[in-house]
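**Student:** Can you look at this prediction? I've put the sequence above it.
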Amino acid sequence: MIESIKEFLGWFFVTGDPMIYGADVSIALASIAIVVVLTYFKKWKWLWNEWLTTVDHKKIGIMYIIASLLMLFRGGVDALMMRTQLALPGMNFLSADHYNQVFTTHGTIMIIFVAMPFIFGLMNIAVPLQIGARDVAYPFLNALSFWLFFFGAMLFNLSFVIGGSPDAGWSSYAPYAGSELNPGVGQNYYLIGVQISGIGSLATGINFLVTILKMRAPGMTLFKMPMFTWSILITSVIIMFAFPAFTVALALMTIDRLFGAHFFTIASGGSPMLWANLFWFWGHPEVYIVLLPVFGIFSEVIATFAHKTLFGYAVMVWSMVAISILSFLTWLHHFFTMGNTAPVNAFFSISTMLIAIPTGVKIFNWLFTLNKGRIQFTTPMLWALAFIPNFTIGGVTGVMLAMAPADYQYHNSYFLVAHFHSTLIAGTVFGIFCALHYWWPKIFGYLLDEKKGKWSFWVFMISFNICFMPMYFLGLMGMTRRMYTYPWGLGWAPINFIITIGAFGMGLGFILMAWNIVSSAIKGKRDTTGDPWDGRTLEWSTSSPAPEYNFVHIPTVSTRDPFEAMKEDKRAGRAPKQRPIRPIHMPNNTGIPFIMSAFMFVAGFGLVFEWYWMAIPGTIAVIICMIVRSFVYNDHHIIPVDEIERTERAAGRLS
């Protein structure tokens, strides 16, 4: 009996690696510390009432951002582990199996559990405020979307210490990810954790599409929306068309692994290329799901700190529409090395090059916005300005990769690694750091320290170039992707060592940013005006942080920069007519999204280990939560006038 228990525990828990034991201890200590702090300060009820059950889009956005930053730390540590292994030839820091696991989790976490949730957090915080709405269209669905993402991420990360991490790469190609070549539970974690999170992502796309189309302030036509809101509208459409393909792919491979089907097995009539096509039909639009919103962020930031109206507004909108359409016509460029016919290669080569045109248009529009502007070099503006040359380098190398004959040489080399990091870090990561500093006072009511912010910017940005620029040359020298070690004598060692220094420098930049966040929370400058940057859009017209109801009166919009117009009217003495304050209708908090997602986690964990005695009750509990929700009729409350007046008076908006 005891031997059976020992055998089970040895199989169930990941053992044999000191780093795993360190992670076990860290997780245990962190969990105990959280429980002790919440218990000592009697904050369990506060945690439940204010956060775990909230449907307030601003609080949900904060939770998305916190979770994303934690995942960024995890994904960044994975990257540093890989770079340590590759710093010099013949390193034994990681074994081949462990390297494959770290390689897989790094890519998956950075794309699905860092970039996307951070964008979703910004969507939640900024979009309803920018369009003059009091909430999103479906508050319950919004909360459910977050908790599905959170529990999906937790399930995926649990693989590190229980059962073993996936190791088939973030793209998890069949047949490498199939049960025959990849036994164990690691790939199950990938399939089910990403599936749970992906359902939440699809729901978010639907929610924000409806919110933007149906809840804009009076007078805000589509072509008077802020550019960030436009980028989210287009991104939501991409999500709705791209994610179903990925959902189906994940479901088919799950059925293959758990129930013995053969959707991707050639010998049984399946096709591994089915997975590749479904994955990249989602995977390439996914690049623009995380890039288009940051194009919107940079548009807002550049216009604000150049103190000018955005140049070429309509062209910017149509260029994003063109990018969204072309993003679905380029996925086959990932298969140039797989032996397609010449006409197929030619079509997808041309479509890939075409997508550079609307992207280039946006670069020129930002440059023309800067022209003759009164440029203010704040931290968010530095991130926006750094984006332009760094992202352009990534874009130009993307055009090189679009040429099918050249791609045969570049594709499986470090040249490609340099390319997609140049676009995704210089694009998405620079963008989310820019947005973090820009909207931070609106989120929390105080500003991040500018001096510390600029230090973190320069350290991170310079280190980024030290890390990834040499990779282009390393790729041209012949170093291939997914290589976990290499011998002396190839000439790669000096460049790899420099790259590793750059990677650790980026880690230092992130630590400086975290230090800025903590120190500013203690002694940061409070934002008492609601408009610390002299903003142009409606989110700056309310207090920081915004109250539960966002706006006492829904604003009326007549221009593309509505708050700038309001300030001009005020300076000209054209004060708006005072309107009486009326009670405001708002949705109630509910614990169903949290509970339902927790049961989804239970069901998913059962499926990972093929424990159907756990998976089936968990699934039934999810269905019961849906039924319970359908019988909830009293799902709103009314904020009375006297409470609104107290809130506005405390914010200095009423005398």
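**Tutor:** That came through fine.
**Student:** Isn't residue 477 up against residue 493?
**Tutor:** No - Residue 477 is not in contact with residue 493 according to C-beta atoms under 8 Å; the separation is 11.3 Å. No exception for glycine: its C-beta is placed from N, CA and C like everyone else's.
**Student:** and the two? which has more neighbours close in?
**Tutor:** residue 493 (17 against 14; other C-beta atoms under 10 Å).
**Student:** which residues touch that one?
**Tutor:** Counting by C-beta atoms under 8 Å, 6 or more residues apart in numbering, residue 493 makes contact with 88, 89.
**Student:** Look up how far residue 90 lies from it.
**Tutor:** 10 Å (C-beta to C-beta, to the nearest Å).
**Student:** Likewise for residue 562?
**Tutor:** Relative to residue 90, residue 562 is positioned 62 Å away (C-beta to C-beta).
**Student:** Same check on residue 641?
**Tutor:** Distance of residue 641 to residue 90, given as C-beta to C-beta: 73 Å.
**Student:** who's more crowded, the two?
**Tutor:** Between residue 641 and residue 90, residue 641 has the larger neighbour count (other C-beta under 10 Å), namely 14 against 9.
**Student:** Let's test this: what are the backbone torsions at the residue nearest to that one when sequence neighbours are not counted?
**Tutor:** Spatial nearest neighbour of residue 641, excluding adjacent residues (C-beta to C-beta, 6 or more residues apart in numbering): residue 581 at 5.2 Å. The phi and psi torsions at residue 581 (degrees, to the nearest 10) take the values phi -80, psi 130.
**Student:** Kindly report the same for residue 413.
**Tutor:** Dihedral pair for residue 413: phi -110, psi 170, per degrees, to the nearest 10.
**Student:** Name whatever forms a beta bridge with it.
**Tutor:** residue 480 (DSSP bridges).
**Student:** Hmm, it is touching residue 480, no?
**Tutor:** Yes - contact criterion C-beta under 8 Å: residue 413 and residue 480 qualify, at 5.7 Å.
**Student:** okay, these two: which has more neighbours?
**Tutor:** Taking neighbours as other C-beta under 10 Å, residue 413 and residue 480 compare with residue 413 leading, 20 against 13.
**Student:** so how far is residue 582 from the more buried one?
**Tutor:** Counting by C-beta to C-beta, the gap from residue 413 to residue 582 is 64 Å.
**Student:** Checking residue 166 next. Helix, strand or coil?
**Tutor:** Of the three states, residue 166 takes coil under DSSP: H, G, I helix; E, B strand; the rest coil.
**Student:** same question for the helix or strand that contains residue 60, mean pLDDT?
**Tutor:** Using DSSP states H and E, residue 60 maps to helix 57-86. If you average the pLDDT over helix 57-86, you get 96.
**Student:** what do you get for stretch 416-431?
**Tutor:** For stretch 416-431, the mean per-residue pLDDT is 95.
**Student:** Put the alpha carbons of that stretch into CSV.
**Tutor:** Listed next in CSV are the C-alpha coordinates belonging to stretch 416-431 (Å, rounded to 0.1, in the frame of the first residue of the first chain):
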residue,chain,number,x,y,z
LEU,A,416,13.1,34.1,-37.8
VAL,A,417,13.4,34.2,-34.0
ALA,A,418,14.8,37.7,-34.3
HIS,A,419,12.0,38.7,-36.7
PHE,A,420,9.0,37.7,-34.6
HIS,A,421,10.5,39.0,-31.4
SER,A,422,11.3,42.3,-33.1
THR,A,423,7.6,42.6,-34.0
LEU,A,424,6.0,41.2,-30.9
ILE,A,425,8.2,42.8,-28.3
ALA,A,426,8.8,46.1,-30.1
GLY,A,427,5.1,46.1,-31.0
THR,A,428,3.1,44.4,-28.3
VAL,A,429,5.4,44.7,-25.2
PHE,A,430,6.4,48.3,-26.0
GLY,A,431,2.7,49.0,-26.5
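**Student:** From the rest of the structure, what touches it?
**Tutor:** Residues from elsewhere that reach stretch 416-431, judged by C-beta under 8 Å, 6+ apart: 110-111, 115, 119, 287, 290-291, 293-295, 297-298, 383-384, 386-387, 390-391, 393-395, 397-398, 401, 410, 461, 464, 467-469, 471-472, 474-475, 481.
**Student:** Same question for stretch 452-469.
**Tutor:** 379, 382-383, 386, 390, 393, 418, 421-422, 425-426, 430, 433, 437, 498-499, 501-506, 508-510, 512-513, 515-516, 519-520.
**Student:** from the residues you listed, which would you call buried?
**Tutor:** For the contacts of stretch 452-469, a neighbour count by 16 or more other C-beta atoms under 10 Å gives the buried set as 379, 382-383, 386, 390, 393, 418, 421-422, 425-426, 430, 433, 437, 498-499, 502-506, 509-510, 512-513, 516, 520.
**Student:** For the helix or strand containing residue 361, what is the distance to the chain centroid?
**Tutor:** Using DSSP H and E, residue 361 falls within helix 356-370. In terms of C-alpha atoms, centre = their mean, to the nearest Å, the centre of helix 356-370 is found 24 Å from the chain centre.
**Student:** Check stretch 162-179 too.
**Tutor:** How far stretch 162-179 lies from its chain's middle: 22 Å, per C-alpha atoms, centre = their mean.
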